[in-house]
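> Pasted the sequence and its predicted model underneath.
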Amino acid sequence: AQSVTQLGSHVSVSEGALVLLRCNYSSSVPPYLFWYVQYPNQGLQLLLKYTTGATLVKGINGFEAEFKKSETSFHLTKPSAHMSDAAEYFCAVSDMTGGFKTIFGAGTRLFVKA
Amino acid sequence: SQTIHQWPATLVQPVGSPLSLECTVEGTSNPNLYWYRQAAGRGLQLLFYSVGIGQISSEVPQNLSASRPQDRQFILSSKKLLLSDSGFYLCAWTVGTGHTGELFFGEGSRLTVL
């Protein structure tokens, strides 16, 4: 069975500071990994994804994440936070089999202080 | 381009009343369809998924059911709502074959059961 653990339900950073949101996963098969962002009262939209190949993936809005198989991690980073980055972020894993189910972590709410 | 429509956006229902949430996808054929529930302060819980007309897989035993009467239509129902059914319901789709697992979400339906 697959699972996702996001460390920290809330993260607060100052504008211009580094953003680091942590995600660890468990999967019995090579995983496909995703980060999604959700703004209040909206659906989720994809930030970035890892399927195969390069382990450092770049996404929209300056975010990137690195797949580390040995650590079963897929942490999300952004060098400099902007006020507009304040949202909830979800890490997710899919095994691409049996209906392509995607399992989400509990989410991390990012606060950005001026 | 593909779009996903979900309605109603908001509803308030009394305990014991029925429920019907509808989701339709445009611009694609034979999508995989999903219903997720997001409770306050929690992550996304996969409720049902479907890989074709009439094919429904349930992930969590509960008071809800799903149906897929047409290729691009996915309906979430309940005969008698419980207080615990309150939450934010999200419909999502992926390409049926040859895709990398990215989910496309609707705008969500917020259900309050009183």
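Right, received. Where do you want to start?

> Is it correct that residue B:78 is in contact with residue B:15?
No: the pair residue B:78 / residue B:15 is not scored as a contact, 11.0 Å apart, by Cβ atoms under 8 Å. (C-beta placed from N, C-alpha, C; glycine too.)

> more neighbours, the two?
Neighbour comparison, residue B:78 and residue B:15: the larger count goes to residue B:78, with 20 against 12 (by other Cβ atoms under 10 Å in any protein chain shown).

> OK, contacts around that one?
B:18-19, B:63-65, B:85 (Cβ atoms under 8 Å, 6 or more residues apart in numbering or on different chains).

> one more time with 6 Å
Applying Cβ atoms under 6 Å, 6 or more residues apart in numbering or on different chains to residue B:78 gives the contacts B:19, B:63-64.

> Looking at the residue nearest to it when sequence neighbours are not counted now. What's its pLDDT?
Closest residue in space to residue B:78, ignoring its immediate chain neighbours: residue B:19 at 4.0 Å, by Cβ to Cβ, 6 or more residues apart in numbering or on different chains. At residue B:19, the model reports a pLDDT of 96.

> my read: residue B:19 touches residue B:81, true?
Yes: in this structure residue B:19 lies within contact range of residue B:81 using Cβ atoms under 6 Å: 5.5 Å.

> Measure how buried the residue in chain B that chain A sits nearest to is and give me the count.
Here chain B gets closest to chain A at one residue, residue B:105, 3.3 Å apart by Cβ to the nearest Cβ. Number of residues near residue B:105 (other Cβ under 10 Å) recorded here: 21.

> quick one: pLDDT of it?
Reported pLDDT for residue B:105: 93.

> circling back to that earlier point, could you flag which of the contacts of residue B:78 are buried?
Among those, those buried by neighbour count (16 or more other Cβ atoms under 10 Å in any protein chain shown) are B:19, B:64.

> Just give the closest residue to the residue nearest the centre of chain A, not the sequence neighbours.
Taking Cα atoms, centre = their mean, the centroid of chain A lies closest to residue A:35, which sits 3.3 Å from it. Leaving out its chain neighbours, the residue that sits closest to residue A:35 by Cβ to Cβ, 6+ apart is residue A:47, at 4.3 Å.
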